[in-house]
Every structure is written in C-alpha cells, then in structure tokens.
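>>> this one's sequence-less:
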Ligand SMILES: Nc1ncnc2c1ncn2[C@@H]1O[C@H](COP(=O)(O)OP(=O)(O)OP(=O)(O)O)[C@@H](O)[C@H]1O
Ligand SMILES: Nc1ncnc2c1ncn2[C@@H]1O[C@H](COP(=O)(O)OP(=O)(O)OP(=O)(O)O)[C@@H](O)[C@H]1O
Ligand SMILES: [Mg+2]
Ligand SMILES: [Mg+2]
C-alpha cells in the first residue's frame, strides 16, 4: 500500500500548482467576456458623442430588462439540456393576464402582479409536464406552447390591448424611480434583484446543481438517485415564473398589455444566453454570462441606432459582430 | 475459437425470427407516423365538405412546398447535430438574388435559377465555415446569418419587391403544370423530385452516413479518420442549396421576390423535421419523416382555415395537436 | 445443475441472494434462472464471458432494469428496487461498468451528487462539500483533487472517482462492475486494499472482473456464469485460474507465454523524435519497426495515451517530428493519420470509440467507409453488412444481428466492435490503447493471437496497456514512460516486471 | 368545382375576408366594422390575416384555402397584388366576387376597392407636423416596416410631402420598429440621444406611434412634436393630454363596413362603383370628441 500511495501522492501534487492559475484564468475569462462587452461599449463611446452619458446608458439598461428577464429563466432550461421557445408569446399572455387581473377584475396591483407571475409559472409547469412526463422533446413542447400561448393571449384579451389607465402605480413598477432624484428606472433594479436571485439559485442551491447535472449527463444523474423528472418540471416552472415577471415588466412599461406581441423575444433570449457562453447542449453556463449576452445585444442595437447606420445594414453588422464576438470568445477559451 | 462460435451461432440464430418482425415493425412505425397524418386528414375530411377534393389537396401540397424544401436541407443539418436558423431569411435573400439575376440583369431563367441555387449554397458554405472552422456554435453562426441575410435582402433589393413580370416562364416553375390538363402545380413535382434526391443522399451515400455519424458522436467519428470539418461544411452547404431552391420556389410562386419575408420559416422547417421524428440532438432522422412533418403542419393550417375556426383559436388548437401527435408518436415508439 | 445453490445456510441467511432470475431483451435471453449468493463479510467474484449477463444481473439488483422472473433477498427479506435511489436507500451501492459520471461537475460534486451538504435543504454548502470530498479522497489515498472537473480527467482517474463515490455511501453491499479495467497493477493493489478495509462482518462485495489473476488476491469465492446461466461457485483457496477459465468458457485455453520472434533486419516503419505537448509530454522519441508489436508501459497519467493522441493528430504537438517509412510526415488530424494508414483505437470506447446509438454494422464500417464501401459516393450496404458479419463471427461478437444498436451490446462486445472497425480499415500502423479493456479471458487470447497475426503480416502495432503481464506477453519491445517522458526501451528478453516498474516510477522532481 | 354552392350549413351568405394583418388594432377595427355590417345584413364572415405584413406566402395560402372553402364573396387586402393575381383569376373562374379593401389590387377582377390613399393620408400627417414646427427643424420617422405597402406608402407620402413643401425640415434616416411598442420606444430614445436637437417624430402606425410616445416620455425630453397614425386608447390619451399633437386615421371600421356592404351588393348582383373612398381624417385635441371624428376612432 505504501509504495503506490507515495507515487500517487507525487502525482496528486502535480496538478496543484496549475490549479490556482486555472481558477484565476476562469475569473479572467469571465472578465474577458465582460471585456468583449467593454470593447463594443468603448467603440461606440468613441464613435458617437451621444453614446456614453447617463441618459443613454439608462436607456440601454431599460432596453435590456425584458430580454434579460426572459434570458435568466431560459438559462436554467438551457443548462439543463432543454430549450424554451414559449417565453415570448408566454410573456404576452402573462401581460394579458395582468391586464385581466388588475384592470378587468380590479384586483390590487400587488395581488395582480403575484397572480401574473404565478400564471407564468403555470405556463412553465405545463411545459415541464409535457417534457418530463409526456417526454415530448423540449423544442416541440415549447413550440406548441408558443403557438398556444400566442393564441390564448388573443382569445382572452379579445385581440384588444388592455390598458392600466386606472392604476397609475402599475406603470411605476417599470419606469418609476424609487431612488429619489436619480431618475433611474425601477425595472433595472428589479432585473438586478432577480438576476442575483437567479445567480444564487444557479450556483448555490441544489436546483442549480441538478440543472447542471441533468444537462451534463441525464442518465448518470438519474443513476445517482436524483428525481430527474421532478427537477425538470421545477426548472421549466422557474423559467415560467421569469416569463411572468417579464410579462409584468413589459406591460407596466407600456402601460398596456399587447396581446399580439412577443414572437421573436424567445430567440433573442436564447441568443443572449448562448452569447453569454452557455452551451446549448447543456451542462455549462452562468447568470453573469447571460446578463453580459443580453447587454451585448442591447448595446449593439442602441449603438448602431445612435450612429444612424441605415437600418437594413444594422442587422448585417449585428450578424457579423455576433459571429466575431463568439469566435473570439471560443478562440480565447481554446488557447487558455 | 470453435466452441464459442458454436454458442454464438446459437445466439445469433435465436433472435432471427424476431428480427423480421423488428424490421416490419419499423415499416409499420413509419406507416403509423404516416397514420397520424391520415387521422388528421380523415378528421378534416369528415368535418368539412370542402376539405377532401382535388383542388384543396393540391392547395395543401402547394402550401407544403416551401417549408418542405427548407425542411429537407434542415434535416441533414439536424441529423449531424447542428441547427440552421438562417434558412428563412436566407430564402428571402436567394429570392432577391433571383430577381436581381433574372429581372435586373436580364439573365435567362435557367441560368438565373442555377445561380440562385448556387448562391444559396454560398450562404450555407459561410455557415459551414463558421461552424466547422471558426467553431462558432451552430445556433449562433446561423442566427448571425439569419440577421445578416435578412439585412442583405433589404440592401440588395432596396427594400422593394422585385417582380418577374418580364419573364412569365419563371412563374411557371412553381404554379405552371407540365402534366397536361391536370392542373397539378410543378413545384409539388419539384419537391417530390428533390425529396427523392435528399432521401437517396441521406440513406444511400457516404454523405448521409457521415451526417448520422457526426451527429451520434462527433469525436469518435473524427478519431475514426473521417474529415468531420469537411463533411460539416458540405452538410451546411447542402442545406444552403435547398435554401436556394426554396428561394426560387417562393419567388416564382409569388411572381416577385419579397425581401422582407422569411423570418419564422426556419422555425417551421425545424418543427417539420422534429415532428417527423428527427432528434434535435442528432444521429437520428429520415426524409420521409420530415415530409410527413411538413405535411402535418400544412394539413392542420389548411383544415383549420377551411373549417373557419376563428383565427385566434387556430394557433391554440395547432399547439395542442402538435403536442398530442408527437406524444402519441413517442409513446408508440416506447412500447414498440 | 447448480449444486450448493439449492440449500442456503440454514442457520444464517446470506447477505444478498438471487433466485431464479430471468431477464430477456428483444432477441436476447440475457439471464435464465440466475442464482447468486453473497455471504456476510465476503468478497464474491462474479466471472463469465463477455455478454454472459454479469452487468445485467447487477443492473437488476440496482433497479436499472426490472427482472422478468425471480426474486432477490437482502438479509433474507424480499428486495424490490424500482430505481437507483431505492437501491442506495437499501444500502446497495454500485460502480457501473460504463462510467456514469457527470462530466461538467467537479470530483467532489460528482461524489456527493444528490447528497450535497445543505443549509435548510436547498442552499449548498460548497466548502463543506469539498472538505468532505477531500477527507474521503485522503482516507482512500487517491491522487485526486476534489475541485477538478471530471470531464478533464483521464479514464483511470475517472474510474477512481467512481470508486470513491461508491465507497462514500454507507453501503452494506458494494457492487463493482470491472473496477480495475482501466487501472494498472499498482492502482489495482490500492483498490484491493480499499476493498479489504470496506469488508466487515455485516457487509459484502460483489466484484466483477476479467482479470482472473487478481481474483486470487481479493475474492473469497468465485461465482461463474455462462450464457446467462449460473454454473458454479468456487472457493478461491482451492481453485486455480485454469479451473475458472474452463468453467467460464467450457473448455481449456492454451496460452503461450512469450512473444514471437522478429527478425531484427526489418526496417523502421515509424519514428518519432522530440515529441512534446503543452500538457505533459517532453522529448518523447521511439522507433516502430515493420511487423513489430511495441508495448507501452507506465503508470496512470504517464502520458501513453497522450503520445498516441498527439501522434494521430487528435491533440496538438508542441514540437517534434514524425517519420513514416523514412519520409517525414505532417499529421494534423486523425483524418491525416488515416490517410497515412495509421489507426488509433481509443481507450475510452463510450466517448471516443463508438457511435453507441448506431448499428453494429455502421460502427464496423465507419473507418473504411470511404475507402472500401462506396462507389461514386453510394454506400455498398451489402458489402458493409457482409464485412460486419464476418468480423462478428471472427471476433465472436455476441449480438443477435449486425443491425442491433451498439448500446445494447455488453461492454466487452462493444470493445470488440471498436477493434473490428480498425481491422476493416487495414492500416499499416495500428495503435491500440487498452485494447483488451473489459474483454474476457477467452476473447483476450483471441485478440492476442490477432495482434500476433497482424504483426506477422507486417503490420506495425503500438500496444498501450495497463496490464503489465499483457505487455510483456505480447511486445517485441517495451517502451516505458513516466511523467511524460520515455524512461527506457527494453527488448522482450530484457523486459521483466521489476525493471519495467523501476522505469515506470522514475521521478523528475523539480524539472518542470 | 361546385364549391360555390356548398357553403356551410346555414343559408346566410358567406363572405371570407383575407386581410393584411390580424393582431394589430387597425385590422381588429376593420374586423369589427365588417362584423357589424355582417350582423346588420345577415351575412356570415370569417376574417383572417397573416401575423405580419411581410408574410406574403402565408396570405396567399390563406386566400387559397378560403377559395377552397367555397365562399359567396371574398374581401381581400393584398400584401402583394401581383402575387395574388392567379388566385384572383381562379376566383373569377369560380364566379366568386372579390372586393378589394385597404389598398388597391392591381387587377380588374375586384369589383370595387374600399380604400384610402395612404400616401395622401401620410402627406396630411407631414403637413400638420410642418405647420406645428413652423417649417423647420429635425424630424425623425419610426415606421413599422420597410417592405409592406402600408409601411412604404405611409413613409413615402410623408417624405415626399416634406421634400416638396417644407425645405426647412431636415428628415433623419427612417428607423423601423416592426410595430413593436417596446422596440419602437427604444429606437425613439436612441434617436433622441443621437439628435438632441430633434423637433418632431412621426410614428407610422399604432404600435410605432405609441412607441414614440413612450420613448419621448421615458427620455423626459420636452418640446418634441409627435404625429401619429391610426388610433387606439393610448394614442387617444396621448392626444388628449397633449403628448401627441394629433394623428391621421383611415377609418378602419368604415373600411370593414364598406367591404361587407359591397360584398353583399356583389352577391345580389347589384352595381358597384369602381372605388369606394373610405377617406382619412386628422384628429387632434380640438376635434377628438367631435361627433364626426369620435366614431372613427377605436379604443
Ligand atoms: N438494453 C439491452 N438491450 C438489448 N440487449 C441487451 C441490453 N443490455 C444487455 N443486453 C444483452 O444482454 C447480454 C448480457 O449483457 P451483459 O452486459 O450483462 O454482459 P456482461 O456479462 O456484463 O458482459 P461484459 O463482460 O462484456 O461486460 C448481452 O448479450 C447483451 O448484448
Ligand atoms: N481528456 C483529457 N483532458 C485533460 N487532461 C487529460 C485528458 N486525458 C488525460 N489527461 C491528463 O493527461 C495526463 C496524461 O494522461 P494519459 O491518459 O496520456 O496517461 P496514460 O499513460 O495513458 O495513462 P492512463 O490512460 O492510464 O491514465 C494525465 O495527467 C491526465 O490527467
Ligand atoms: Mg458487463
Ligand atoms: Mg491511457
């Protein structure tokens, strides 16, 4: 026993010195992904005198809120190896429900908001049941929900927007400012708060641990005695709750629930997640990355508009920059 | 060696009787997936007197052409473990190129069509290079192409439709009928022809074999000495060629190249592929399945419209039917 | 036929029993009337040919599959497990033959997956988790860092994680399905020590292995099964390896002990000089002769796999040159290597060797598809099928049909499929990385003969193996590595256990 | 075939309306007008349209399906009239009368067209904007899309009037927000940031106009003149509280009513005028409650 274990000790000692750099490197990597954002940001700051100022930066942050919220929930689903296409129209349906609760049924705002968020959870629950129990592939299950939610939003609202004119407090949720005198939109603070919650859930709780584990190797996770189906249902439900929050955020920003919108938001949310370094095959990802991904998208959108690039070129440039950014990120990770 | 091989013979002999049923079962399975289509078809035939007749069935087939063509190409990409989000706007870009070649540059129709299809291949080639050489994840690479192609379609066409009024023959490609007196649109015949080609490519050639291999286990395929990167590039290029064909089909059907269309077609194409039983994680799939998937989508769309279901309900029903259909298919496969 | 099986100890029931267990898969009778009895405080070895049904029996015990007939008893009480969780709750812990680790999690996270120390049921105590893992690893004296991500570990280290995980449960019954397949002799000794420490009067171990020599050292009794049937249980002290083998395969095996001679006037086929990689290798150089079997020996992590991977272009070489038949070649990818007729059979068959979801014939035909089985891009399905069937016959691959999904083959038979793939390709240089991993004695012998036959036909073979006797038995020359360097090249005549181990444990402290 | 005869279970005439859109309030108002008229005249209608005005093929498929469903008449607002030409031929062959609405169909098959001149309507918006700005200053445009007829005509009408009549107005490059309120609001804020001296912004449909209002509100910038298009509660509120100068509306309810009325006449083989001008109207703070204007607006 002694001889081999001495040898092994030596072996074990070997990787140690390189482990600390490895962690530092990981920090640095996140910093560099953030660095990518900074590069884009710096570019626009130099290219346009109107880009870097308090007002515009707040605009960028405000523009990030809805996609960011959706992307947070989507992060969990993607890390667990799934996908959620229903968050866009699901958000519209939740907005309509908020209108129904608050304007049509006259509920107090806090109750209406709570019920809306829970309704989002219900959408997610149905997705989760379809995926985990009926074993319908996530793409199909959530595509079906995308269609159904979009239709239901129209049915419930009778295809008409629902306004929150009677409850001015509702609009304050999004664009009011509780920081006195700062003129800083609440919804950005809310995004920050739920991002922290999401970050804690992902990296500090068993929910996050199992999300990673299921996405990395579902079979092995099940063999470790973990109730994979149950956790999948929870993960989709969680994404649904974020969808509900996004429904509140967008309808309070607009002061109305627009039943026909939402389509396309899901792709942007997924894009934010993937640009942020989460792997679509599951098992890898982070909340910080997702936020950076969402910010990169809105900084690019804002910057290109500020620079008055003709709009048909904006998408062309956006496409190229996204490929380049992700390529640079991949290349860096490979050499690192 | 002799003794065990006798044992093996016994072992090998044993299952044989059940092997034929297994293959028959497989046939039956495909027939049953087809059966799902038949059920939907039968339902509408009974529910509406206007559904099952020559004219309407031709309409359904005609409505399947574009999605079907895109889905064929997408099938290869998905089987190889990738995804292609660029086929929708890519198709619009190809349509615009067809307009440029034929109407603006006055090329003869066959040459214009050829160049358009090749241009589609070029789009796919760029996707393939980004995925295989730059190692950008397929979702991101093709999302970027989706943005870029949509933008380029607007730039090149100056955001206005390009008409094929000077070349009446161009429209004939799609809605003309070479079967004399039958009034059967050519594009359906073309879809049938390219589906056969795709089927042969997928199941009879090394291209198809390697697509399955790469989708099953990319690393193991590479270690088997197969040029994975090269084959991936070929697969995306192939999908691009189908995109080009779809661009010809849609612009000849409409008599014009509409630069703003295309978005959303990629999701429908992917849905057709996945409903047809191809796994999004790669390694499994078939062309017949994809065609059935595309047909299910257009039969549902057509039937719901023919039955005059209110439009806001159509998507709700569509969503439910898709989940049910896929669930039934999965459940059957599990018990079989 | 079962002799002592009929009458269990009347006084004290055994720890774990299986009676009349039957399990069928489509086209395969995996188990028929299977019997097993694990007594308190013993290590029971379970042996049988590839596909005999060992893993299937263990999967039934741990609730991965459910039996068609029969029952299990734990402490004399009926045992019914509906899933892995229940098995663990009843005190049955298993190391599966195919790894079941989560690659993106760290070692500590894998070991305690599902049993993480928490605050209030939800919040993780990551520090505690790592500390506990470190404690466990220290007590097991394994060379692992709990914070390292499992996906970056070599196969041997992953095996150690599996072992640590299985031992971390407070289990009464520990099942190990080929735990030593990826370990070398020194590591095997460590594992045996661990097992001995685990066995107490109220526990027991079921130990599955194809390395029959090691059973003497660890097992109290040996249960032999064949073709899904119980054959006999032998007491180790009164049993020879030959006894076990003859019951396993139902006949005697002849094993010749030394490699065949090669003429030394053969020319050099492949020559490697100054090969270094960023990770580990330093100035590796060796020659491979035509018709030679060149063995690679070394401890875990010595860098043998890395040499092979760098050679075929799967990993990047930082520096070094490769000469093939006297001409310098540049190999940037496995495809390049294949073009130069160099084939590499990986040690990690599930991740890197097989398309587990594809048919056996697709796997066998894969490497040579472009070369042999196509005209104008069209696949010659008949030829693929016939070739696959031929190799299934030649290598005695146990499968009902070549159309079967490879996943459903037993571990050893999967390994044979990988070997068949490279035999079809007909390479001049073949690199076999742990080719007999998980292969039964009978089949091992067939593979040895096959390697000899290939060498006789002029093929050059690099054989990496962690089983030193195997290296010594086959190799014309042995390259010994330690810590990324070649520490010696021995001729067959020179090579013996002792001098190889001496070279394999050479250290280079402070060099890098 | 005999599809024309076998229309549904009841004897009510069936009018299938295929519109350019469905979810936007403008199209919902057209639908409501059509439903009102149908109820009055005892007809059965269906109303369908693609999700966005870019989906020409989807609309063609809808029209095809509706032709197969055997209606007594068709109401049709073409996204691309030439693309629909073969189908209109088919309708003619089947003796199904076609009524065009919203924008003209380049074909002599439709018996009549119930539409407004969108360009002229946009020109009205431009005129009002120019008047409010005193003929000078920077003006931005947020349009819903660059390829649909409603998008391009409402854009080009505005630009052309400005070019011809208001040399002092400097037009910024057009930005497109897809009619999405949130996106249009973000675009508006970018425009304001990039052009702190902006004087006026034009939103070319309901979603764009409300987005512009939201964007201006969120940017806390005062003194920007907003001119919109279409109606809807948010726009009406904005006009009433002075955030928005006013807007042009095309009387969508009237379009729906006229379309159904014309279709009924066609079924009864009555004579129809070549065109039915449904008109457009400017509304602002002063006339918004006017009994002539109020019924045109939808909430
Ligand atoms: N899921 C399955 N589907 C079909 N056949 C299976 C399945 N699992 C195992 N088999 C078959 O059952 C038989 C027994 O397999 P098992 O894995 O138990 O063998 P083993 O004794 O563990 O062999 P090895 O030593 O090679 O690991 C084999 O013929 C195998 O092909
Ligand atoms: N996939 C991998 N990713 C990162 N590091 C690896 C990987 N595989 C092996 N290593 C590391 O590279 C070093 C060399 O391992 P290698 O597999 O070449 O050794 P070996 O001599 O073949 O021994 P064995 O295969 O028994 O582990 C080890 O430290 C190992 O941890
Ligand atoms: Mg086994
Ligand atoms: Mg190795």
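Received it, and whenever you're ready, just let me know what you need. Nothing here was measured: the structure is a model prediction, and the numbers come from that model. Numbering: from 1, shown residues only, chains lettered A, B, ... in the order given. Ligands and ions are numbered 1, 2, ... in the order given.
>>> switch to C-alpha atoms for all contacts and neighbour counts from now on
OK.
>>> tell me the helices in chain A, going along the chain?
For chain A, the helices defined by DSSP state H cover A:2-13, A:15-47, A:54-79, A:87-99, A:109-132, A:138-157, A:168-175, A:186-204, A:206-216, A:218-223, A:228-254, A:265-275, A:287-306, A:311-335.
>>> So for chain D, which of these sits nearest?
Among those, the nearest to chain D by CA to the nearest CA is helix A:287-306 (5.0 Å).
>>> Check whether the closest one comes near chain B.
No. Using CA under 8 Å from any CA of the partner chain, helix A:287-306 stays clear of chain B, coming no nearer than 11.8 Å.
>>> where's the helix or strand harbouring residue C:450 relative to the chain centroid, distance-wise?
Assigned by DSSP states H and E, residue C:450 falls within helix C:441-456. Mean-position distance between helix C:441-456 and its chain equals 17 Å (CA atoms, centre = their mean, to the nearest Å).
>>> Tell me how many other residues crowd residue C:462.
Look at residue C:462: counted by other CA atoms under 10 Å in any protein chain shown, it has 22 neighbours.
>>> repeat for residue A:179
11.
>>> What distance do you get for the most centrally placed residue in chain A to chain C?
Chain A has residue A:71 as the residue nearest its centroid, 1.3 Å off, counting by CA atoms, centre = their mean. Using CA to the nearest CA, to the nearest Å, we find residue A:71 at a distance of 22 Å from chain C.
>>> how about that residue, what does it touch?
A:269-270, A:272-273, A:290-291, A:294 (CA atoms under 8 Å, 6 or more residues apart in numbering or on different chains).
>>> Just flag the most distant two among those.
A:270 and A:291 (11.7 Å; CA to CA).
>>> Who has more neighbours out of those two?
The neighbour comparison of residue A:270 against residue A:291 (other CA under 10 Å) goes to residue A:270, with 30 against 26.
>>> correct me, but that one touches residue A:73?
No. In this structure residue A:270 lies outside contact range of residue A:73 using CA atoms under 8 Å: 10.0 Å.
>>> Going by neighbour count, which residues in stretch A:182-193 are buried?
A:183-192 (16 or more other CA atoms under 10 Å in any protein chain shown).
>>> Dump these into a markdown table; add distance to ligand 3 and pLDDT as well.
Below are those laid out as a markdown table (distance: CA to the ion, whole Å; pLDDT from 0 to 100):
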| residue | distance to ligand 3 | pLDDT |
| --- | --- | --- |
| A:183 | 67 | 80 |
| A:184 | 63 | 88 |
| A:185 | 61 | 90 |
| A:186 | 59 | 94 |
| A:187 | 57 | 94 |
| A:188 | 56 | 95 |
| A:189 | 56 | 96 |
| A:190 | 53 | 97 |
| A:191 | 51 | 97 |
| A:192 | 51 | 97 |
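>>> what's the closest of the residues you listed to ligand 2?
residue A:192 (36.4 Å; CA to the nearest ligand atom).
>>> Sketch out the low-pLDDT regions of the chain for me.
Went with chain A since none was named. Low-confidence segments of chain A (pLDDT under 70): A:1-33, A:333-336.
>>> other chain: chain D
Using pLDDT under 70, chain D drops low at D:1-10.
>>> what does the stretch 1-150 of chain C give?
C:1-12.
>>> burial measure for the residue in it positioned nearest to chain B, as a count.
Nearest residue of the stretch 1-150 of chain C to chain B, counting by CA to the nearest CA: residue C:27, 4.1 Å away. For residue C:27, the neighbour count with other CA under 10 Å is 20.
>>> Next: the one 10 residues further on.
The criterion is other CA under 10 Å. On that basis, residue C:37 has 20 neighbouring residues.
>>> can you tell me the residue of chain D closest to ligand 1?
residue D:58 (46.2 Å).
>>> Now name the helix or strand holding that residue.
helix D:56-68.
>>> Tell me if that helix is near chain A.
No. Helix D:56-68 lies out of reach of chain A by CA under 8 Å from any CA, never closer than 15.8 Å.
>>> And the contacts of that helix?
Residues contacting helix D:56-68 (CA under 8 Å, 6+ apart): B:50-51, B:55-56, B:59, B:63, B:250, B:254, B:258, B:261, B:302, B:305-306, D:3, D:16, D:18, D:20, D:48-50, D:79-80, D:83-84, D:87, D:91.
>>> re the thing from before, just the buried residues of stretch A:182-193 now: which is nearest chain B?
residue A:191 (24.7 Å).
>>> Could I get the contacting residues of residue 209?
No chain specified, so I'll use chain A. A:202-203.
>>> if you could check chain C rather than the one you did, that'd help
C:45-47, C:177-181, C:215, C:438.
>>> again, only using 10 Å
C:45-48, C:54, C:176-181, C:215, C:438-440 (CA atoms under 10 Å, 6 or more residues apart in numbering or on different chains).
>>> Check the gap between it and chain D for me.
63 Å.
>>> and residue C:378, how many neighbours?
18.
>>> again, but for the one 10 residues further on
By other CA under 10 Å, the residues close to residue C:388 number 25.
>>> In which helix or strand does it reside?
Using DSSP H and E, residue C:388 falls in helix C:381-394.
>>> Please apply the same query to residue C:335.
Going by DSSP H and E, residue C:335 is in helix C:334-339.
>>> same question, residue C:78
strand C:77-79.
>>> Any buried residues in that strand, and which?
Going by 16+ other CA under 10 Å, strand C:77-79 has these buried residues: residue C:79.
>>> Summarise which helices and strands the very next helix or strand once past that strand is packed against.
Once strand C:77-79 ends, the next helix or strand along the chain (criterion: DSSP H and E) is helix C:84-89. If you count contacts as 3 or more CA pairs under 10 Å, 6 or more residues apart in numbering or on different chains; DSSP states H and E, helix C:84-89 packs onto helix A:218-223, helix C:54-61, strand C:92-95.
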